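Asker: Okay, predicted coordinates and the sequence, questions at the end:
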Protein chains: 2
Amino acid sequence: MLHAEAYDEALAKRGTTNRYTTFTFAEPPKELVLETGQKLGPITLAYEMFGTLDPGKDNAILVCHALSGDSHVAGDGGWWDALVGDDKAIDLKKYFVICANVLGGCSGSTGPSSINPATGQPYAMDFPVITIRDMVNAQARLLDHLGITKLLAVIGGSMGGMQALEWAISYPDRVQSVIAVATACELPPQGIAFDEVGRQAIIKDDVWQKYKGNYYGKAIPEKGLSIARMIGHITYLSKDSMKEKFGRRLHDKIEFDYTFGDAEFQVESYLRYQGSKFTKRFDANSYLYITKAINYFDLSRRFGSLQKAFKGVKATFLVLSFTSDWLYPPELSKQLVAALQANGVSVTYVNIESTYGHDAFLLPNETQETAVAGFLKNQHERFRGALP
Amino acid sequence: MLHAEAYDEALAKRGTTNRYTTFTFAEPPKELVLETGQKLGPITLAYEMFGTLDPGKDNAILVCHALSGDSHVAGDGGWWDALVGDDKAIDLKKYFVICANVLGGCSGSTGPSSINPATGQPYAMDFPVITIRDMVNAQARLLDHLGITKLLAVIGGSMGGMQALEWAISYPDRVQSVIAVATACELPPQGIAFDEVGRQAIIKDDVWQKYKGNYYGKAIPEKGLSIARMIGHITYLSKDSMKEKFGRRLHDKIEFDYTFGDAEFQVESYLRYQGSKFTKRFDANSYLYITKAINYFDLSRRFGSLQKAFKGVKATFLVLSFTSDWLYPPELSKQLVAALQANGVSVTYVNIESTYGHDAFLLPNETQETAVAGFLKNQHERFRGALP
């Protein structure tokens, strides 16, 4: 089953019971200062923990989720069940895993759908623009709260990988290792373009327009959000996986119906279904804010060059990319690897053969699992040895 | 300048003066029987002619346009000015060129925005589904009207190429040669997917919904149509041409504004502009019908196999593709070439090196120009020799 699809079904399965714990911080007047200079507080992060923290606190792994993810990384319906669990690559018998819904999200953490304490109403578009760095700063506060000084590893794919990179840069002393999967130091213009069309679809939606984005409790801009999700799904699959999965096969028919109503092709039916389903679990404004955070992430711009960006980094890296990923193509991982190596950072890179496109990172994949398991084992031994 | 952009500017330049001539046929009760079995009539085609028809009628070339094109292929603001004109590859000093707006279009030919004689109102969604074959059958009636029995060549790119293939199949005795550029015998599922998202954006538009597609004279579904066009533009460019043209450069600023209002990146500004401009010249329902025609085109399905599709073909072929075209990738042209060769059809194939993506076929390109000019010269000589 493909990523986002598995994801949605897993989430649906989980029903409405919240499995997460919340942590609230940055109460006024001690708001969090965001990268833009704006202040935000209080902030709640919804997080889940899996496995057991060793007394030496040397086995904590932070998992960072992608655009539409949440804290439920493992267990029943977990979005990265392929990788995280008992006897899996991130073995919950050995490691302690923390995963938090990102700042700006809509699965328990503070985001545009949260109540703005200044007005008693949802923030909507008054929510401040947030960046990957802000997401990471919020996660650092959560780790403080949990008493975890240094992580064995930060791991994430796609936008989660951006957070992992940000961790290594912003908190060099708190990260033993980084696993950056199907990610980039900056999204190329084609990725920005797809995100922008998705955002425009949401913003142009008549519901969104009617309420100027403050549609909470009234209606949802489901037309725009479903269009955005359909575009997303095209970019998560590869040309080849689309061919394998759907080809030009018709949907529930032998001959064309020659209609604009029902889907003619399976791929149309799939996209309509995915688009519609997404609107039932995700907030359109969170989609706006989170895609913006992805688009703003640009380490070369911020530091003058990619090489300079990783200057103070102390973590050891595992970088994984997938040959058919055209949203976060392998060449971006290669640029990351080159910049790390230029700084003398120890890095292992594997470009994994796969036809599944960007989705590949969320699917069972032996090469990925072996690489992650081996890297973690090695890092765990090193981390233990380095501890007093 | 890139294709669709050049296209739009050329069209804007031309103003409101219609340069085309019209031909009306299929008056009831002699309606045209469409591929779906439905009847349609009367039908008007808007067409333009360039150059001079030789007395022997051996120099007539039919140019078929792509999704958003029209009859104005050459001359001031012509959309294929790079290829068609005096002393150009399709030399108007030598050849006589005919180009008609397709059936289903919105630039003078009968389409969903035309008046339905049965009601005195625009057809809107009562317009019958049309196919590439229907477009070609209508063009054949136009050639009858012009007294042109056999064409020296049919040439088209993208959807225009599909029409050229259809000509060779449906009217084997009326086509001396075919030039099929950046096209396919069937669009792969990724292309259907992009078209479907564009259609859904239009159909979900509140204006379209309010009038159930019959918005003529009231309002236009410009939100949905602009989203569809934005998606289109992403697929017409390549990853590399996007990088060259825009990179991650900001739009009219040095630092991020951190806003959802104005475009932050040049690529966002470009897409917004192109989307908006398109709504001023193109009918949303034509967009629905024409993309459907493209999606339905499937020679393997219709004939049982691609080899069988070209069984009775008599034309000589020139097939051109572009290395960076990911909407109509070169492998589709190679499949076409293989199917032609399997039938003993004479075919020349050139996969042209270019970073411009699908747009490449509309841009000045020496390799394309040389190939077309040489092929036409040769075909012209052969055609003349074959004439009594």
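Answerer: Happy to help now that I have it. Predicted model only: the values in this text are computed from it and were never measured.
Asker: What distance do you get for residue A:385 to chain B?
Answerer: According to Cβ to the nearest Cβ, to the nearest Å, residue A:385 and chain B sit 41 Å apart. For every residue, glycine as well, the C-beta is placed using N, CA and C.
Asker: For the helix or strand hosting that residue, the averaged confidence score.
Answerer: Using DSSP states H and E, residue A:385 sits within helix A:366-386. Mean pLDDT, helix A:366-386: 95.
Asker: what's the answer for stretch A:122-130, then?
Answerer: The model assigns stretch A:122-130 a mean pLDDT of 98.
Asker: what comes up buried for it?
Answerer: Judged by neighbour count (16 or more other Cβ atoms under 10 Å in any protein chain shown), stretch A:122-130 contains these buried residues: A:122, A:123, A:124, A:125, A:127, A:128, A:129, A:130.
Asker: what does stretch A:84-101 give?
Answerer: For stretch A:84-101, using 16+ other Cβ under 10 Å, the buried residues are A:84-85, A:88-92, A:94-101.
Asker: before we move on, what about stretch A:209-222?
Answerer: Residues of stretch A:209-222 classed as buried by neighbour count (16+ other Cβ under 10 Å): A:211, A:213, A:214, A:215, A:216, A:220, A:221, A:222.
Asker: Over to stretch A:239-252?
Answerer: Within stretch A:239-252, the residues scored as buried using 16+ other Cβ under 10 Å are A:239, A:241, A:242, A:243, A:245, A:246, A:248, A:250, A:251.
Asker: Turn those residues into CSV, columns for pLDDT.
Answerer: Shown next, in CSV, are those (pLDDT from 0 to 100):
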residue, pLDDT
A:239, 95
A:241, 95
A:242, 97
A:243, 96
A:245, 96
A:246, 98
A:248, 98
A:250, 97
A:251, 97
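Asker: Which members of those are positioned in helices?
Answerer: Among the buried residues of stretch A:239-252, the members found in helices (DSSP state H) are A:239, A:241, A:242, A:243, A:245.
Asker: Next, give me the two most distant ones among those.
Answerer: A:239 and A:245 (11.1 Å; Cβ to Cβ).
Asker: what residues do these two have in common as contacts?
Answerer: Taking Cβ atoms under 8 Å, 6 or more residues apart in numbering or on different chains as the criterion, residue A:239 and residue A:245 do not both touch any residue.
Asker: Could you check how far the residue nearest in space to the middle of chain A is from chain B?
Answerer: Nearest to the geometric centre of chain A sits residue A:66, at 1.2 Å (Cα atoms, centre = their mean). To chain B, residue A:66 is 20 Å away according to Cβ to the nearest Cβ.
Asker: Tell me the confidence at that residue?
Answerer: At residue A:66, the model reports a pLDDT of 98.
Asker: what number of residues lie near the residue nearest to it when sequence neighbours are not counted?
Answerer: Closest residue to residue A:66 in three dimensions, ignoring its sequence neighbours and counting by Cβ to Cβ, 6 or more residues apart in numbering or on different chains: residue A:158, at 3.9 Å. Residue A:158: 28 surrounding residues under other Cβ atoms under 10 Å in any protein chain shown.
Asker: So what does residue A:158 have for phi and psi?
Answerer: phi 60, psi -130 (degrees, to the nearest 10).
Asker: same thing with residue A:338?
Answerer: phi -60, psi -40.
Asker: go on, residue A:303?
Answerer: Torsion angles, degrees, to the nearest 10, at residue A:303: phi -110, psi 0.
Asker: mind listing what the spatially closest residue to it that is not a sequence neighbour touches?
Answerer: Sequence neighbours aside, residue A:309 is the residue nearest to residue A:303 in space, at 4.0 Å (criterion: Cβ to Cβ, 6+ apart). By Cβ under 8 Å, 6+ apart, the contact set of residue A:309 is A:169, A:185, A:299, A:300, A:302, A:303, A:339.
Asker: same deal with residue A:291?
Answerer: By Cβ under 8 Å, 6+ apart, the neighbours of residue A:291 are A:67, A:195, A:198, A:199.
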